[in-house]
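1. Pasted the sequence and its predicted model underneath.
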Amino acid sequence: MNKPALITMLVLGSASVAMAKPALSLEAQASWTASYHSGTPVIRDHREPTFRPPVSTFNPNQSNVKLNTDSSEYIGPIYSLRTQYDYGWAALTDPTRIEKSREIIRVSGRHKALMLQNVKGSSHIKMVNVRFKDGRTQTIKLERNLNSWQPSLQLPLQKGAVDYIVVYGTTTVGSSYRVLGA
């Protein structure tokens, strides 16, 4: 077979293949709808917030900590729950800091639990010692950090009226935390 005949045959053969009708055709359609009905409506009561900030404002230039020879003592305002039937968390102290590795805070009253809440920076809390009015003590060992990754520590308490708490640990420069009660 000569070359021109071969080229002619290839050109004509490919032209007829290009003109052929495709054997397969595809079509697609889609639709999607969604609906949800639970049957009964969910009612949430948002009238009373679970956290009430303290009435006073915190001034970082004014210290509310008195330095003793071996500890620091919170001397700022102490807040209390409004009634014995109050629920949720209420701030008991203004933002404060631990100096000389422990801070004494006089938070009298009946509380089911306490919460240490980070306000700014970082604090390392080794343990909390709770002294009750009847002389009993409760020691809660923590070895935890209060910071933006772990902003609060909840401490369940034994039944009884609290006289004061001692928070052992350290607070970095410019940092503060507060105590809340429930």
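-> In hand now; what should we look at? Numbers count the residues shown, from 1 in each chain.
2. helices and strands of the chain: which one bottoms out on pLDDT?
-> strand 51-52 (a mean of 56; mean pLDDT, DSSP states H and E).
3. who does the helix or strand following it pair up with?
-> Per DSSP states H and E, the first helix or strand lying C-terminal to strand 51-52 is strand 65-67. When sheet partners are counted by DSSP bridges, strand 65-67 sits next to strand 72-74 (antiparallel).
4. tell me the mean pLDDT over whatever helix or strand comes next after the partner strand?
-> For strand 72-74, the following helix or strand on the C-terminal side (DSSP H and E) is strand 89-91. Here strand 89-91 scores 87 as its mean pLDDT.
5. Kindly report the same for stretch 120-129.
-> Here the average pLDDT along stretch 120-129 is 96.
6. And for it, what's in contact with it?
-> Identification of contacts with stretch 120-129 by Cβ atoms under 8 Å, 6 or more residues apart in numbering yields 95, 97-98, 114, 116, 137-147, 153, 155, 165-177. Every C-beta, even on glycine, is put in place using the N, C-alpha and C of the backbone.
7. so which strand or helix has the closest residue to residue 115 other than its chain neighbours?
-> Distance criterion Cβ to Cβ, 6 or more residues apart in numbering; nearest residue to residue 115, sequence neighbours excluded, is residue 180 at 4.2 Å. Assigned by DSSP H and E, residue 180 belongs to strand 176-181.
8. and that strand, what other elements does it pack with?
-> strand 89-91, strand 113-120, strand 161-171 (3 or more Cβ pairs under 8 Å, 6 or more residues apart in numbering; DSSP states H and E).
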